[in-house]
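Colleague: Generate coordinates for the sequence data below:
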Amino acid sequence: MKLSASEAARRTGKSVPTITRAIKSGKISAEKSGSGGYQIDPAELFRAFPAVTKHNAETPPMLESETPHLNPSETPLLQEKIGSLEAALADAKAERDEWRDQAKRLAMALPPPTSEGGVTQRQGMWARLLGKTNKA
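Modeller: Now for the predicted structure:
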């Protein structure tokens, strides 16, 4: 007995689009039915996705706290690592700010572009070496 995409989704706990995407990508093989749906062999379906059982469908027990209990010896090590990461971040930000300031200073020190008729005149290497100037 073959399953439709919606029945396959219900039996695996997946959504219908997930099942159809798996078929289109080749993860699951299926036959196209005359009505445009898919007919999926259960063995093929459960090869790719585990079946939902009563045990799987149950809601997992809630944790008493969202924060896991850490071994007391791990806490100082983690605090030390956090401190070193915060220091590295502060150094990176300071370096970034220094580079930004340097780029601003260099941009302000550039001479304004000279232009005649909207076209910048470029001087060749030999003209620069010989001290000649461009005249339009």
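Colleague: contacts and neighbour counts: CA atoms only from here.
Modeller: OK.
Colleague: doesn't residue 27 fall inside a helix?
Modeller: No: with DSSP: H, G, I helix; E, B strand; the rest coil as the criterion, residue 27 is assigned coil and is not in a helix.
Colleague: Next up, phi/psi of residue 32, please.
Modeller: The phi and psi values for residue 32, taken as degrees, to the nearest 10, are phi -80, psi 130.
Colleague: swap that for residue 22, sorry
Modeller: Dihedral angles (degrees, to the nearest 10) for residue 22: phi -60, psi -40.
Colleague: and what of residue 31?
Modeller: Per degrees, to the nearest 10, the backbone of residue 31 is at phi -100, psi 140.
Colleague: And the strands in the chain?
Modeller: 30-32, 38-40 (DSSP state E).
Colleague: which residues sit against stretch 37-53?
Modeller: The contact list for stretch 37-53 (C-alpha atoms under 8 Å, 6 or more residues apart in numbering) reads 1-5, 8, 11-13, 27-33.
Colleague: Closest one to residue 95 out of the residues you listed, please.
Modeller: Nearest to residue 95 out of those is residue 27 (C-alpha to C-alpha; 48.7 Å).
Colleague: and the closest residue to that closest one other than its chain neighbours, how many neighbours?
Modeller: Closest residue in space to residue 27, ignoring its immediate chain neighbours: residue 48 at 6.8 Å, by C-alpha to C-alpha, 6 or more residues apart in numbering. The local packing of residue 48 (other C-alpha atoms under 10 Å) involves 14 other residues.
Colleague: next one: residue 49
Modeller: Residue 49, neighbours per other C-alpha under 10 Å, totals 19.
Colleague: swap in the one 4 residues further on?
Modeller: In terms of burial, residue 53 registers 11 neighbours under the definition other C-alpha under 10 Å.
Colleague: distance of it from residue 11?
Modeller: 8 Å (C-alpha to C-alpha, to the nearest Å).
Colleague: Residue 33 too?
Modeller: 20 Å.
Colleague: Low-confidence ranges, this protein, go.
Modeller: Under the criterion pLDDT under 70, the flagged ranges of the chain are 54-70, 113-121, 133-136.
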